[in-house]
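[1] Sequence and predicted structure, then a few things I'm wondering about:
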Amino acid sequence: MRDLRTKATYKIFHIPLHLCAQTVSRQNGIVKRRDLYTHIHYFTKEIGLRTLEDTAYKVRHYFYTARMIDLPIDGLQRILKISRRIGFALHADLTVRLLGGFSLLVLAT
Amino acid sequence: MTTNSFLTGEYLQKVPLWHTEDSPWKAKGILRMLRQNRLTPEIIGEIGCGTGEVLRQLQLQMDQECRFFGYDIAPQAIELSRSRENERLHCQLADIRKESGAHFDLLLVLDVLEHQENYFSFLRDVKPLAPYKLFHTVLELSARAVLRRNGLLEGRITCDDLHCFAKDTVLQAMAYEGYEILDWFYVPRAIYRASGIVSKIRQVPRIFCFALNQDFAVRLLGGFSLFVLTK
């Protein structure tokens, strides 16, 4: 992160937010991400933003992207899609922390 | 910009006791692991020894011939360890990975993984230092912590924990780096740390849930840590 900071004035990060209550409470819910996508670090919105700040980035703007609403990968995700859509409309942060399936797009300098 | 709070002294301001108060139950966990696996190490090293209190507690309860060597990169921690040193217990200001000839029967790695920027390379670096490695890692990842806003950030803010682990992610990282997992168990860190009646009453759901299903209680409520013995 520190090495990349000087490569451009503006940097855009897309961070999958794997850490949510339903993933954490399931056996192998997190480690499955490594097997599926070779991901070795796991983030919440707060951890992602804090990591950027700790490595001297200035966060200019961010929003969630609805990965699992737009592209549900299996039957379970298609069922959860409705809950995610309704939950996100009511309370975006809580839905992301509870159900997961979202990512974060961040503009930083 | 992130600076290493262990080198600047900032960590001592955040954690004035340097977790010394946790040393008795950590030593108890280490002795339990050694007993369970019939290990009788004679030379024990600890990376990130802090004030050296865990080593002192072990020395009080282990064979008198055992020798203990603690290493820490924090000058303030080593200063605090001086009063605990003796003929067979030494603490030094050094990064163990850069010490030539450092080799032990057992290496203790207690609450160190979560502070490493790259804990995978750290695991690779310490693997050759002893045939047996004993890890203690706080399991900060729980549904309860994730649900609370900033629940996972508390560790970073209060103790400079850069990573949050669950049992599965710790064991997976170790297996990924070629460690052989010999044994592991949970310890109820939040219960050990609870003081005062209100705080102790708050632990009742945790105790009850843990008695029913250990893994699920840890993943749901948090407040536990993990001892892992590896080769």
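    Cool, the structure landed. Residues are numbered from 1 along each chain as shown, chains lettered A, B, ... in the order given.
[2] Do me a favour and get the backbone dihedrals for B:His163.
    Here is the backbone geometry of B:His163 (degrees, to the nearest 10): phi -130, psi 150.
[3] Thought B:Asp111 was touching it, still the case?
    No. Taking contacts as Cβ atoms under 8 Å, B:His163 lies outside contact range of B:Asp111: 11.5 Å. Heads up, the C-betas are built off the backbone N, CA and C, glycines and all.
[4] of these two, who's got more company?
    Neighbours were counted for B:His163 and for B:Asp111 using other Cβ atoms under 10 Å in any protein chain shown; B:His163 has more, 22 against 19.
[5] Could I get the contacting residues of the closest residue in space to the more buried one that isn't next to it in sequence?
    The shortest distance from B:His163 to any non-neighbouring residue, by Cβ to Cβ, 6 or more residues apart in numbering or on different chains, is to B:Glu114 (4.9 Å). Contacts for B:Glu114 were tallied using Cβ atoms under 8 Å, 6 or more residues apart in numbering or on different chains; they are B:Thr137, B:Val138, B:Glu140, B:Gly155, B:Asp161, B:Leu162, B:His163, B:Cys164, B:Phe165.
[6] so what pLDDT did A:Leu94 get?
    Predicted confidence (pLDDT) for A:Leu94: 95.
[7] which residues in chain A form strands?
    In chain A, the strands defined using DSSP state E lie at A:11-16, A:59-65, A:103-108.
[8] Then chain B?
    Under DSSP E, chain B gives strands at B:43-47, B:67-72, B:89-93, B:106-110, B:132-139, B:181-187, B:224-230.
[9] Please produce TSV containing the ones you listed, extended by mean neighbour count.
    Shown next, in TSV, are the strands of chain B (neighbours: other Cβ atoms under 10 Å in any protein chain shown):
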stretch	mean neighbour count
strand B:43-47	24
strand B:67-72	23
strand B:89-93	18
strand B:106-110	25
strand B:132-139	23
strand B:181-187	16
strand B:224-230	22
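[10] closest to chain A out of the ones you listed?
    Closest of the strands of chain B to chain A is strand B:132-139, at 10.4 Å (criterion: Cβ to the nearest Cβ).
[11] now for the closest one, which elements pack on it?
    Contact analysis of strand B:132-139 by 3 or more Cβ pairs under 8 Å, 6 or more residues apart in numbering or on different chains; DSSP states H and E lists helix B:23-36, strand B:106-110, helix B:167-176, strand B:181-187, strand B:224-230 as its packing neighbours.
[12] now do 6 Å
    With contacts taken as 3 or more Cβ pairs under 6 Å, 6 or more residues apart in numbering or on different chains; DSSP states H and E, strand B:132-139 sits against strand B:106-110, strand B:224-230.
[13] A:Met1 versus A:Lys7, what's the distance?
    Computed with Cβ to Cβ, to the nearest Å, the distance linking A:Lys7 and A:Met1 is 11 Å.
[14] Comparing these two, which residue is more hemmed in?
    A:Met1 (15 against 7).
[15] What is the neighbour count of A:Gln27?
    Neighbourhood size, A:Gln27 [other Cβ under 10 Å]: 12.
[16] got the contact list for the closest residue to chain A within chain B?
    Closest to chain A within chain B is B:Ala143: 4.0 Å, counting by Cβ to the nearest Cβ. Neighbouring residues of B:Ala143 by Cβ atoms under 6 Å, 6 or more residues apart in numbering or on different chains: A:Ala21, A:Val24, A:Ser25, B:Leu220.
[17] and with 10 Å instead?
    The contact partners of B:Ala143, by Cβ atoms under 10 Å, 6 or more residues apart in numbering or on different chains, come to A:19-26, A:29, A:97-98, B:151, B:216, B:219-222.
[18] circling back: take the strands of chain B and write them to CSV, including mean pLDDT.
    Putting the strands of chain B into CSV (pLDDT from 0 to 100) gives the following:
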stretch, mean pLDDT
strand B:43-47, 97
strand B:67-72, 96
strand B:89-93, 95
strand B:106-110, 98
strand B:132-139, 97
strand B:181-187, 97
strand B:224-230, 97
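[19] Out of the ones you listed, flag the one nearest A:Arg33.
    strand B:132-139 (17.3 Å; Cβ to Cβ).
[20] what's the angle between the closest one and strand B:43-47?
    30 degrees (axes from the mean of the first three to the mean of the last three Cα atoms, to 10 degrees).
[21] Contacts only, for residue 16.
    Looking at chain A here, since you left the chain open. Here A:Pro16 is in contact with A:33, A:37, A:39, A:41-43, A:48, A:65, A:67, A:100-104 (Cβ under 10 Å, 6+ apart).
[22] Chain B is the one I meant
    Shown in contact with B:Pro16 (Cβ under 10 Å, 6+ apart): B:Gln76.
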